[in-house]
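A.B. asks: I'd like to go over a predicted model; first the sequence, then the structure.
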Amino acid sequence: MATIAALDAERVETLRGAFSGTVLTPDDESYDDVRRVHNGLIDRHPALIARCLGTADIADAIRFAGDNGLEITVRGGGHNVAGRAVADGAVMIDLSLMKGMYVDQDARTVRAQGGVLWGELNRETAVHGLAVTGGVISTTGIAGLTLGGGLGWLMPKYGLAIDNLLSVDIVTADGEAITASTGENPDLFWAVRGGGGNFGVATSFEYQLHPVRTVVGGLVAHPFPAARDLLRFVREFAQELPDELMIAAGLVHAPDGSGVKLAAVVVCHCGAEEQANEDLKPLLEFGEPAMVDVGPMPYPVLNTILDAAFPKEALNYWKSSFLRDLEDDLIDLMTASFEVAPSPMSSVLLEHFHGAVSRIGETATAWPHRTPGFNLVITGEWVDPAATDENVAWVRSLYSELEPYVSGRRYVNYLDADEGDDAVQSAFGPNYERLVKIKATYDPENVFRHNQNIPPAG
């Protein structure tokens, strides 16, 4: 593989001359800022950063990488915990300047380019009283989240982001611009709905929108000694949730940096306020909460309430898996381990699946995880690099303790950098072999390998 030093200056200048966007090398002043992604644990140095403004820029960047023996990474929002958007000595195709959006109010659709963040998309669609399922953190990019499945606050009512996807524009490994939809390249359309960035660079996404303006949402927090009782209550409460109500429960630290441990439930109800109050009543009346901050708010505001807990450049290491059940012993292990969590920023979260997301067949899209239940996410997060070893060890230790209780199913977007082929296959489950064949059709040389990779068949 070529190195940074081996890049031919004349070839770089030729690329710059044709480029609508910006081409950066390590000598450029803004290079260090642009190469950094959300996870501060990632510190990698690409040979060249192609800050694209459109499809032609992307195609040129792909060809440049191939002509110069360089690998390719793709950055949308740069939020992926494994830092797949950047690699040493590679060409980073950076979509973060591609912010175009268009809402068709009559058709209730939106088309958005690959550099758009969920907070930006939510703001644009909210003007029309419309929304689509997006990330639970507003600073997440639409591209990576959608290609990996797309969990979000609206999924019990409207399904995942991929379940609302109408088409995707893609530049393939040979620089060809194509569209994937039910009518064009339907095999590719099936694959990109959950198969990640394995098949090309997604330049824009078209989503079906839904009438969502005000939701009832917020946070209920209990003192940590009540954690076991709260999580057992959540297990029962979740059995009868309506489609309009999404919940995420877990063990967290107070947001003031004090290190105070809490047990909490975050809620989003996208139905009528009167019905929301009725559906949330058992949760709001349970126990003696330390804080209740739940009420009507615009959906884009609800989508920001976890943002402060995941600041850019904090160091992150995660482990995640779907659970077989939220058993008492698992709750006890989670709670005991969280008592000794080394960082006041870390958390153990349980995202609940039910409703529309679970009424789609596991092979209807590449994303197979349609069983109702909980997804466990252990988010190790800290700021001092000297504390890296102890925080990574804590996450790994807790995950190891909980392995007897997991289902073996994994969410591809939560896989960290040290996960192997077994984890990738668990993320795609019964759809893996079909994805391998489609990969061989659209990327037979595995040009797009800096992802949760699906090697091509052959």
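C.D. replies: Yep, it's here. This is a predicted model, so every value here is computed, not measured. Numbering: from 1, shown residues only.
A.B. asks: give me the low-pLDDT residue ranges for the protein?
C.D. replies: Across the chain, the ranges flagged by pLDDT under 70 are 1-6, 458.
A.B. asks: try it again with 90
C.D. replies: 1-10, 135, 255-258, 408, 417, 420-421, 457-458 (pLDDT under 90).
A.B. asks: quickly list the domain ranges of it.
C.D. replies: Split into domains by automatic domain parsing, the chain comes to 9-94, 101-211, 214-298+307-414.
A.B. asks: take these and write them to a markdown table, including distance to residue 424 and mean neighbour count.
C.D. replies: For glycine as for every other residue, the C-beta is placed from the backbone atoms N, C-alpha and C. Below are these laid out as a markdown table (distance: least, Cβ to Cβ, whole Å; neighbours: other Cβ atoms under 10 Å):
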| stretch | distance to residue 424 | mean neighbour count |
| --- | --- | --- |
| domain 9-94 | 11 | 20 |
| domain 101-211 | 9 | 22 |
| domain 214-298+307-414 | 7 | 18 |
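A.B. asks: tell me where the stretch 251-400 of the chain has strands.
C.D. replies: Per DSSP state E, counting those that start in this stretch, the stretch 251-400 of the chain carries strands over the ranges 261-269, 291-298, 315-322, 347-353, 373-382.
A.B. asks: looking at those, which is closest to residue 392?
C.D. replies: Comparison of these against residue 392 by Cβ to Cβ identifies strand 315-322 as nearest, at 4.8 Å.
A.B. asks: what's the distance between the closest one and the middle of its chain?
C.D. replies: With Cα atoms, centre = their mean, to the nearest Å as the basis, strand 315-322 stands 12 Å off its chain's centre.
A.B. asks: what strands flank that strand, and is each parallel or antiparallel?
C.D. replies: Taking DSSP bridges as the criterion, strand 315-322 pairs within the sheet with strand 373-382 (antiparallel).
A.B. asks: just want the angle from the strand it pairs with to strand 347-353.
C.D. replies: Strand 373-382 runs at 150 degrees relative to strand 347-353, counting by axes from the mean of the first three to the mean of the last three Cα atoms, to 10 degrees.
A.B. asks: quick one, which of the domains of the chain is nearest to residue 457?
C.D. replies: Shortest separation from residue 457 across the domains of the chain is recorded for domain 101-211, at 12.5 Å, computed as Cβ to Cβ.
A.B. asks: can I get whichever helix in the chain runs longest as PDB, trimmed to CA atoms?
C.D. replies: Longest helix in the chain by number of residues, with DSSP state H as the criterion: helix 388-402. Extracted as PDB, the C-alpha positions of helix 388-402 are listed here (Å, rounded to 0.1, in the frame of the first residue of the first chain):
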ATOM      1  CA  THR A 388      -7.900   4.100  28.700                       C
ATOM      2  CA  ASP A 389      -6.700   0.700  29.900                       C
ATOM      3  CA  GLU A 390      -8.900   0.600  33.000                       C
ATOM      4  CA  ASN A 391     -12.000   1.800  31.100                       C
ATOM      5  CA  VAL A 392     -11.600  -0.700  28.300                       C
ATOM      6  CA  ALA A 393     -11.000  -3.500  30.800                       C
ATOM      7  CA  TRP A 394     -14.200  -2.500  32.700                       C
ATOM      8  CA  VAL A 395     -16.300  -2.700  29.500                       C
ATOM      9  CA  ARG A 396     -14.800  -6.000  28.400                       C
ATOM     10  CA  SER A 397     -15.200  -7.500  31.900                       C
ATOM     11  CA  LEU A 398     -18.900  -6.600  32.200                       C
ATOM     12  CA  TYR A 399     -19.600  -7.800  28.700                       C
ATOM     13  CA  SER A 400     -17.900 -11.100  29.500                       C
ATOM     14  CA  GLU A 401     -20.000 -11.500  32.600                       C
ATOM     15  CA  LEU A 402     -23.200 -10.900  30.600                       C
END
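A.B. asks: report all helices and strands that it contacts.
C.D. replies: In terms of contacts (3 or more Cβ pairs under 8 Å, 6 or more residues apart in numbering; DSSP states H and E), helix 388-402 is packed against strand 315-322, helix 328-338, strand 373-382.
A.B. asks: out of the strands of the stretch 251-400 of the chain, nearest to residue 284?
C.D. replies: Across the strands of the stretch 251-400 of the chain, residue 284 has its closest neighbour in strand 291-298 (6.3 Å, Cβ to Cβ).
A.B. asks: who does that closest one touch, helix- and strand-wise?
C.D. replies: strand 214-223, helix 273-284.
A.B. asks: 6 Å instead?
C.D. replies: Contact partners of strand 291-298 among helices and strands, from 3 or more Cβ pairs under 6 Å, 6 or more residues apart in numbering; DSSP states H and E: strand 214-223.
A.B. asks: chain center to stretch 447-458: distance?
C.D. replies: 19 Å.
A.B. asks: which other residues reach it?
C.D. replies: Contacts to stretch 447-458, defined as Cβ atoms under 6 Å, 6 or more residues apart in numbering, come from residues 73, 84, 87, 173, 196-198, 412, 415, 424, 435-437, 439-440, 444, 446.
A.B. asks: buried stuff in it?
C.D. replies: By neighbour count on 16 or more other Cβ atoms under 10 Å, the buried set for stretch 447-458 is 447, 448, 449, 450, 451, 452, 453, 454, 456.
A.B. asks: SS state for the third one?
C.D. replies: For residue 449, the secondary structure call by DSSP: H, G, I helix; E, B strand; the rest coil comes out as coil.
A.B. asks: any idea how far it lies from residue 252?
C.D. replies: 35 Å (Cβ to Cβ, to the nearest Å).
A.B. asks: how about the last one?
C.D. replies: Separation of residue 456 from residue 252 (Cβ to Cβ): 41 Å.
A.B. asks: the first one too?
C.D. replies: According to Cβ to Cβ, residue 447 and residue 252 sit 40 Å apart.
A.B. asks: how about the helices of the stretch 151-300 of the chain, start to end?
C.D. replies: Ranges of helices in the stretch 151-300 of the chain, per DSSP state H, counting those that start in this stretch, are 155-158, 186-192, 227-237, 273-284, 299-302.
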